[in-house]
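>>> how would this look folded up:
(chains A, B and C)
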Amino acid sequence: MKAIETFQLPTAAKVNYINAEYGLKSWLLTKDHKRIALLYLGSISFFFFLGGLYAMFIRLELLTPQGDLLSSATYNKVFTQHGIIMVFFFLIPSIPATLGNFLVPMMIGAKDLAFPRINLLSWYIYLLGGFITIYALLAGGVDTGWTFYAPYSTTFSNSYVIAAGLGIFVSGFSSILTGLNFIVTIHTMRAPGMTWFRLPLFIWSHYATSLVMVLGTPVIAITILLLAFERLAHVGIFDPAAGGDPVLFQHLFWFYSHPAVYIMVLPSMGVVSELIANFSRKNIFGYKFVAFSSLAIAVFGFLVWGHHLFVASQSVYAGMIFSFLSFAVAIPSAIKVFNWTATLYKGSISYDTPMLYALGFIGLFTIGGMTGLFLASIAIDVHVSDTYFIVAHFHYIMVGGALFGYLGGLHYWWPKISGRMYPEGWGRFSALVIYVGFNLTFLPQFVAGYLGMPRRYHAYPPEFQVFNVLSSAGASILGFGLLIPAIYLVWSMRYGKHAEANPWHLPGLEWRTASPPPTENFLVTPVVTWEAYEFAPPEETRVVGFGDEGLEAADISKP
Amino acid sequence: MADSVAIEHEGSHPALQHHFENLEQQREAGTLGMWVFLVTEIMFFGGMFFAYTLYRTKYPAAFASASNHLSLTLGAVNTAVLIFSSFTMALAVYSAQTGKRRNQVVCLALTILLGLTFLGIKAVEYHDKYVDHLIPGRLLPSRPFDASDVHLLPGAAPQNVEMFYWIYFAMTGMHAVHMIIGVGLLSVILFFAWRGRYGPEYHNPVEISGLYWHFVDIIWIFLFPLLYLLGRHLEH
Amino acid sequence: MSEHIVSLKIYVSIFLALLVGTALTVWAGLHDFPGQLNVIIALTIAVVKATLVVLYFMHVRYSSRLIWVVFTSALFWLAILFALTLNDYWTRSWL
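Numbering: from 1, shown residues only, chains lettered A, B, ... in the order given. Next comes the predicted model:
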């Protein structure tokens, strides 16, 4: 074995993916996965704040029992649009299209994704879907709930169902193409020595996510398409008046939309696995169990959709089977939680901002998951169906799970993405504010829901007001907390401290090249000779992406 | 340095893209990518196949009556046309693999021609349905659906005959869209084949377009008995 | 790992087999078999035809195991969609 190389790289390669080319065109026509990740980051942030705006109106309306701020028709549109935008245009692409896009090739030692042009195409498709949906919102909005249940959506609603559905249909293809690209990349583009069990767990979870994207999304695409035609031309397979069955729509819709929850939360679990191992500086406890539990979640996730139909005239026997299977999906999720906590045990833990988000994730995901078990039991589900209990439950998974993982990952890889450090003090402060704000928003909703407050109404009996006031107060804290990173991350792009190549002193491949990385990630193809999470003293962590020239190579413009 | 493999692009095949190590890796990625795409296609059509299965078991008489009104001859001829086109497509891949440029161009052109024949026959069938007032719902507002031309078997309700025709149009229409995309795809391939781009060393685009074409053929292999045949025996 | 070139003879025989299958399915469709046999015969012939196309025209018979897994996973998920949904429809009248 050759001499150990210097661990410290220059703060940034002189030519990196950001300054390799200038001008709008170089961004809009880029095929570099890292630049495409940034394009996605910008667009999903826009949709996140748009969706947040709708959430603000919901919480303002619910401050008082009377429906005084918004009419019930407007309120229907506001919560529908909040759901559509957050689910289809923020949560589903959030981690895969940004962090995944940026990191999947880097972590496996590839120069790019397998199909760079398709990757760019997926962003344009996403934008097209987004524009169509925004058109639907501006033209008059849509009021069916994000679930588009027939026959209301096909026959009775007077809103822009077709346009909104078309937007979702189109954006679905962007999700399919991203998943396809990941699967092929992970199979065919791994660097020499990067065996399956040396892959970081982030890669495993993205692989599982991609499976769900590829297998589930086409089903909702065809379902939405049939729905749109049914509304347009009064041909019917969902409309009972035409001999159709509206429950068929629910089956096909949830065949995708339940696994879609795992599209949101699996990548987040991948991020958390990285964060927990790396900030405990310990090999993950039970690597193979964590890796395979991702696949198990992807498979089991497809077997449980019927628990959304417990009160929808589904047969009793089907309900029992779906209930049983829903309990089964808790097993792989629990394996992950137990392995994370076991990893923390006797680790040398540092409480940097990403770790705060990861720890927050474990707690909130556990609450979200446990209440999910309540809902898998038919009797309790019948009691709390369509109440705020459900709303609180899935926000614990989608915000407490998916969003926390996203924010944690964004902070953790920010030095690599931008080449700058974010302000650590502000980072920790905002993580705490978000945690407090989140819990204050959604914990009271469990209680209100259990006591019987239904979802999707703009007015409610006065005895629920105390919970709603708490919730709205929490939402303002949460909103304020989310603004802080939005501001300092943008600020740090220009004024942040320059980041080292490996600010956290970690073994992963993405940390063994410059920050920000050069266009093809590594100047020479790395050869992997270590296990994932194999920690060594910093001076022994070899730099592999720069070849013989080491430091000087980093300054060379192009290989 | 023993641990690194230098990036070597000089002297490599012109079709090799910058981010792949060699043509073999590029070919593997292309083929796997197309297969994963076909998986999404199976799921996409799967939703419609399920709707068909559900309503056929629910309304067997109406579905049989409506199905019997379709032209068996045109359906069977179209099946043969598509199978023939799959055969010529396979031969196009074979010619590329064995480096016979002329055969490759001829086979691709034949495949496109057969694809267009299929679409032409399909258009004739659609037109027949139009003439018989069998366009479901308000797809054509000026020409509402009317099942009076269909010979109804006992227990068949006209409303459910309409549903059959909607499923028929949805499935064959979606299949036709895929055929049109396939013809477009093959036209591009034909152009490059004519320019001599594909040979024994590099022909992955021909191969994966072929995979797509065969897949569309397979969908039809199932659509033909399901839509045209089941229930035919009840008339005899 | 070089690719396998399927011989012309195989291509021609598969083509002929597919044509025979089509003729057979039309013939069987016009005959009245007892019970649900018509459906079973038609679907069996379709499955056989599709399998021939997949194995020989699409070269799966000569492909890596990965391609097999990818293809069967699609069928598996399709089976999930059918089985669990029909599990609802077929048991609605039970209770």
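
>>> hang on, isn't residue A:516 packed against residue A:420?
No: using CB atoms under 8 Å, residue A:516 is not in contact with residue A:420, being 9.0 Å away. C-beta: built from backbone N, CA, C; applies to glycine.

>>> what's the pLDDT at the spatially most central residue of chain C?
Most central in chain C under CA atoms, centre = their mean is residue C:47, positioned 2.4 Å from the mean C-alpha point. We have a pLDDT of 97 for residue C:47.

>>> May I ask which helix or strand encompasses it?
According to DSSP states H and E, residue C:47 maps onto helix C:37-52.

>>> near chain B at all, that helix?
Yes: Helix C:37-52 is in contact with chain B by CB under 8 Å from any CB of the partner chain, via C:38, C:39, C:42, C:43, C:45, C:46, C:49, C:50.

>>> residues contacting the nearest residue to the fifth one once chain neighbours are set aside?
Yep, that's residue C:45 we're talking about. Using CB to CB, 6 or more residues apart in numbering or on different chains and skipping residues adjacent in sequence, the residue nearest residue C:45 is residue C:25, 4.4 Å away. Residue C:25 makes contact with B:224, B:225, B:229, C:41, C:42, C:45, C:46, according to CB atoms under 8 Å, 6 or more residues apart in numbering or on different chains.

>>> so who does the third one touch?
Contact analysis of residue B:229 by CB under 8 Å, 6+ apart lists B:67, B:72, C:25, C:26, C:29, C:42.

>>> Kindly report the same for the last one.
Taking CB under 8 Å, 6+ apart, we find residue C:46 in contact with B:221, B:222, B:224, B:225, C:25.

>>> nearest to residue A:61, of the residues you listed?
Closest to residue A:61 out of these is residue B:222 (50.5 Å), distances taken as CB to CB.

>>> Could you check how many residues crowd around that closest one?
20 (other CB atoms under 10 Å in any protein chain shown).

>>> Can you report phi and psi for it?
For residue B:222, the backbone dihedrals (degrees, to the nearest 10) come out as phi -90, psi -40.

>>> That one reaches residue C:48, doesn't it?
No: with contact defined as CB under 8 Å, residue B:222 and residue C:48 do not form a contacting pair (11.8 Å).

>>> how far does stretch A:71-84 sit from the chain's center?
In terms of CA atoms, centre = their mean, to the nearest Å, the centre of stretch A:71-84 is found 23 Å from the chain centre.

>>> Residue C:92: neighbour count?
When neighbours are counted by other CB under 10 Å, residue C:92 comes out with 14.

>>> now the contacts of residue C:25 as a markdown table including distance to residue A:526?
As requested, these are exported to a markdown table (distance: CB to CB, whole Å):
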| residue | distance to residue A:526 |
| --- | --- |
| B:224 | 52 |
| B:225 | 53 |
| B:229 | 58 |
| C:41 | 57 |
| C:42 | 55 |
| C:45 | 53 |
| C:46 | 49 |
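
>>> List just the nearest of these to residue A:102.
Of all the contacts of residue C:25, residue C:46 has the smallest distance to residue A:102: 44.9 Å, by CB to CB.

>>> got a list of contacts for stretch A:460-473?
Applying CB under 8 Å, 6+ apart, the contact partners of stretch A:460-473 are A:59-60, A:62-65, A:388, A:440-442, A:444-445, A:447-448, A:451, A:453-454.

>>> Inside helices: which ones of these?
Members of the contacts of stretch A:460-473 lying in helices (criterion: DSSP state H): A:59, A:60, A:388, A:440, A:441, A:442, A:444, A:445, A:447, A:448.

>>> Name the nearest of these relative to chain C.
Nearest to chain C among those: residue A:388, at 27.5 Å, using CB to the nearest CB.

>>> The closest one and residue A:445 touch, don't they?
Yes: the pair residue A:388 / residue A:445 is scored as a contact, 4.3 Å apart, by CB under 8 Å.

>>> Reformat the contacts of residue B:229 into a markdown table and put secondary structure and pLDDT next to each item.
As requested, these are exported to a markdown table (DSSP: H, G, I helix; E, B strand; the rest coil; pLDDT from 0 to 100):
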| residue | secondary structure | pLDDT |
| --- | --- | --- |
| B:67 | helix | 95 |
| B:72 | helix | 95 |
| C:25 | helix | 95 |
| C:26 | helix | 95 |
| C:29 | helix | 92 |
| C:42 | helix | 95 |
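
>>> Number of residues surrounding the residue nearest to residue A:147 when sequence neighbours are not counted?
Residue nearest to residue A:147 in three dimensions, not counting chain neighbours: residue A:253, with 6.5 Å by CB to CB, 6+ apart. Neighbourhood size, residue A:253 [other CB under 10 Å]: 23.

>>> my guess is residue A:253 contacts residue A:150, does it?
No: using CB under 8 Å, residue A:253 is not in contact with residue A:150, being 9.0 Å away.

>>> Of the residues of helix C:37-52 next to chain B, just say which sits nearest to residue A:492.
Among these, and counting by CB to CB, the member closest to residue A:492 is residue C:50, at 56.1 Å.

>>> Using ChimeraX, define a selection of the buried residues within the residues of helix C:37-52 next to chain B.
To isolate the buried subset of the residues of helix C:37-52 next to chain B in ChimeraX, counting by 16 or more other CB atoms under 10 Å in any protein chain shown, use the following:
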select /C:38,39,42,45,46,49,50
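
>>> for the residues of helix C:37-52 next to chain B, which one is nearest chain A?
residue C:50 (18.7 Å).

>>> Could you list which residues are in contact with the closest one?
B:218, B:221, B:222.

>>> if we look at chain C, which of these are close to it?
Residues of those in contact with chain C (CB under 8 Å from any CB): B:218, B:221, B:222.

>>> Residues of chain C that sit close to chain A?
Near chain A, when you scan chain C using CB under 8 Å from any CB, you find C:66, C:73-74, C:77, C:80-81, C:84-85, C:87-89, C:91-92, C:94-95.

>>> In contact with the closest residue to residue B:215 other than its chain neighbours, which residues are there?
Counting by CB to CB, 6+ apart, residue B:38 is the residue found nearest to residue B:215 once chain neighbours are left out, at 5.0 Å. Counting by CB under 8 Å, 6+ apart, residue B:38 touches B:211, B:212, B:215, C:71, C:74.

>>> State the phi and psi torsions of the last one.
Reported as degrees, to the nearest 10, the phi and psi values for residue C:74 are phi -60, psi -40.

>>> I'd say it and residue B:45 touch.
No: the pair residue C:74 / residue B:45 is not scored as a contact, 10.5 Å apart, by CB under 8 Å.
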